[in-house]
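Enquirer: Can you look at this prediction? I've put the sequence above it.
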Amino acid sequence: MADIVNKTAKDCGIVIEDGWPGYSLDLFSYPAHYAGDLECVYVPHGVIMDRTERLARNIMDDLGDHDIVVLCVLKGGYQFSADLVEGIKALSRNSNRTIPMRVHFIRLKSYLNDQSTEDLQIVGAEDLSFLSGKNVLIVEAIVDTGKTMKMLLKHVEAFGPKLIKVAGLLVKRAPHSVACLPDYVGFEIPNRFVVGYALDYNEYFRDLDHICVISESGKMKYKI
């Protein structure tokens, strides 16, 4: 039986309260082709990077000197995963501890427009037998209801890893959520649909550095 760790985070990350209006778009640079499509900047890119650096240090403290397999959840998790891995690499270069890493990519799809659906598609995870006996770090951009992460964990557990940890950049306070809190949390946010930093709305906004709230006109513009 795999030694699966209890999903209890050290903290809930930086908590953004329900009434937080975000920052004015006029205070930041963003692609002109998204003019009118955004309400506000919710988490600036610099704050994301600082928090990711802290999460990398927490992971080093917990897993240092142990080989791990980083399981990056695409597409939304690619930027967070790349920056988190880079942070761990920097710590490995400049401390007495190190984390040998391998990186594998899987893709999940469960959204249509701004709604999470019951139809979860997992691509690239059909055979994860190489995870048997390994320490696994799942890196996901956002945990919404938690149902997708719960299903993914069940799928990964079936391949017998030694240990599983989850790093989530964002955890949304969503209705009907299940108890599936990542071990490493960047930010806890209200139940608002956010884009940017590789998070998309029908494949748009991945080229936005900041995490922003999409406007209603933006939803209508890119709706399918």
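Expert: Received it, and whenever you're ready, just let me know what you need.
Enquirer: Can you name the next helix or strand after the longest helix along the chain?
Expert: As assigned by DSSP state H, the longest helix anywhere in the chain is helix 45-63. Next helix or strand after helix 45-63 toward the C-terminus (DSSP states H and E): strand 68-74.
Enquirer: Neighbouring strands - and their directions - for that next one?
Expert: Note on strand 68-74: by DSSP bridges, its sheet partners are strand 101-112 (parallel), strand 135-143 (parallel).
Enquirer: Identify the residue nearest the most centrally placed residue in the chain in space, chain neighbours excluded?
Expert: Centroid-nearest residue in the chain: A141, 1.6 Å away (criterion: CA atoms, centre = their mean). Sequence neighbours aside, G76 is the residue nearest to A141 in space, at 3.9 Å (criterion: CB to CB, 6 or more residues apart in numbering). For every residue, glycine as well, the C-beta is placed using N, CA and C.
Enquirer: hang on, the earlier thing: and of the strands paired with strand 68-74, who's closest to L55?
Expert: Nearest to L55 among the strands paired with strand 68-74 is strand 135-143 (9.8 Å), distances taken as CB to CB.
Enquirer: Identify the residues contacting Y30.
Expert: Residues near Y30 by CB atoms under 8 Å, 6 or more residues apart in numbering: 38, 41, 208-210, 212.
Enquirer: what's the answer for L27, then?
Expert: Counting by CB under 8 Å, 6+ apart, L27 makes contact with V41.
Enquirer: Now do the phi/psi pair for V195.
Expert: phi -140, psi 170 (degrees, to the nearest 10).
Enquirer: pretty sure it is in contact with I211, am I right?
Expert: Yes: judged on CB atoms under 8 Å, V195 makes contact with I211 at a distance of 7.5 Å.
Enquirer: Lowest average confidence across helices and strands of this structure, where is it?
Expert: strand 115-123 (a mean of 63; mean pLDDT, DSSP states H and E).
Enquirer: Mind listing what's buried along stretch 213-224?
Expert: For stretch 213-224, a neighbour-count test (16 or more other CB atoms under 10 Å) marks 213-214, 218-219, 222 as buried.
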